[in-house]
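> sequence and predicted model, in that order:
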Amino acid sequence: MIGFIKGEIISSNQSNDYAIVLTSTGVGYEVYSKKLWKEGENVGIYITQIIRENTSELYAHDTIDEKFFFEMLLTVKGVGPKSAFSLIKAIAIDEIFKAIVFENSSVLKKAPGIGAKAAAQIILDLKDKISKLPKKKGEQKTTQHKIQIGIMKEKEKNTSILLEDALLALKELGLKEEDVFPIAIKVMENENQSAHIAQSSDLVRIILKEM
């Protein structure tokens with residue numbers, strides 16, 4: 001299987017999503033590309049090779065993380081390489097990850113060829129896989145690691161808003177913040193309880209039960 005190509009661009013057509021890369025061996029590879037390269041430009045690109053009965057297609061990626069995610073999309077029921085490539089061409093990978101984690105299908109549907117059914121299937125098939133991705137060690141953060149950090153920050157922001165709304169609601173019920181805040185934190189840190197909190201009213205209900 002071809003996984004990486006290094007060579008010179010001898011033809012590039014953005015409207016048709018393809019480019020031809022001439023390697024040092026004299027072989028020119030036609031690849032599906034997301035951008036228009038300049039002729040004569042030297043490139044090193046990661047490749048996903050799709051082999052079918054009568055054809056072999058090559059899809060170009062800027063990074064190993066993009067290749068990894070493209071191939072993850074191919075595991076989704078009903079999503080083929082052209083639809084997956086259309087998605088990562090139209091939307092940044094970190095935005096796709098967030099859309100999957102927070103089940104925001106409207107973001108995914110912005111990509112040509114991704115309708116409501118495909119968007120829902122992508123979320124269904126990949127949400128658990130993405131949440132279980134291992135964090136990479138070392139000082140240098142990869143795209144995959146940056147995406148995970150972004151998702152964590154987004155979750156923290158949503159949790160903060162949810163907590164503020166719950167405390168305000170409890171205050172309106174006549175309860176003091178200094179009395180309910182420690183209970184709220186304890187609830188949020190309890191994985192079994194926090195798993196059942198989707199909105200501030202859920203948190204309010206659990207806090208009142210704990211008092």
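Thanks, I have it. Residues are numbered from 1 along each chain as shown.
> C-alpha only now, for contacts and for neighbours.
Fine.
> surely V79 is in a strand?
No - counting by DSSP: H, G, I helix; E, B strand; the rest coil, V79 is not part of a strand but coil.
> quick one: it and L73 touch, right?
Yes - counting by CA atoms under 8 Å, V79 does reach L73; the two are 7.0 Å apart.
> who has more neighbours, the two?
L73 (22 against 18; other CA atoms under 10 Å).
> check what pLDDT that one gets.
Note on L73: pLDDT of 93.
> element containing the residue sitting nearest the centre point of the chain, please.
The centroid of the chain falls nearest to F97 when counting by CA atoms, centre = their mean (1.8 Å). Per DSSP states H and E, F97 falls inside helix 93-101.
> check the offset of whatever helix or strand comes next after that helix from the chain's centre.
Going down the chain from helix 93-101, the next helix or strand is helix 105-108, by DSSP H and E. Relative to the centre of its chain, helix 105-108 is centred 11 Å away, using CA atoms, centre = their mean, to the nearest Å.
> equivalent analysis for stretch 79-96, please.
With CA atoms, centre = their mean, you get 9 Å for stretch 79-96.
> got it, and stretch 113-131?
10 Å.
> and for stretch 176-193?
31 Å.
> do the same with stretch 164-181
36 Å.
> now do stretch 63-71
11 Å.
> just the buried residues of it, please?
Neighbour counts over stretch 63-71 (16 or more other CA atoms under 10 Å) mark 64-67, 69-71 as buried.
> so where do the strands sit in the chain?
Residue ranges of the strands in the chain, as given by DSSP state E, are 4-13, 18-23, 28-32, 42-51, 56-61.
> distance to P112, mean pLDDT and mean neighbour count added to these, as CSV?
Supplementary listing: these in CSV, determined by distance: least, CA to CA, whole Å; pLDDT from 0 to 100; neighbours: other CA atoms under 10 Å:
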stretch, distance to P112, mean pLDDT, mean neighbour count
strand 4-13, 18, 93, 18
strand 18-23, 17, 93, 22
strand 28-32, 16, 94, 19
strand 42-51, 20, 94, 18
strand 56-61, 17, 94, 20
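> any idea how far G78 is from D94?
As judged by CA to CA, to the nearest Å, G78 and D94 stand 22 Å apart.
> do the same with F4
23 Å.
> pLDDT weak spots in the protein?
Residue ranges of the chain with pLDDT under 70: 16, 131-160, 191, 194.
> how does it divide up, domain by domain?
4-61, 64-131, 145-210 (automatic domain parsing).
> how far does the last one sit from its chain's centre?
Taking CA atoms, centre = their mean, one finds the center of domain 145-210 at 25 Å from the center of the full chain.
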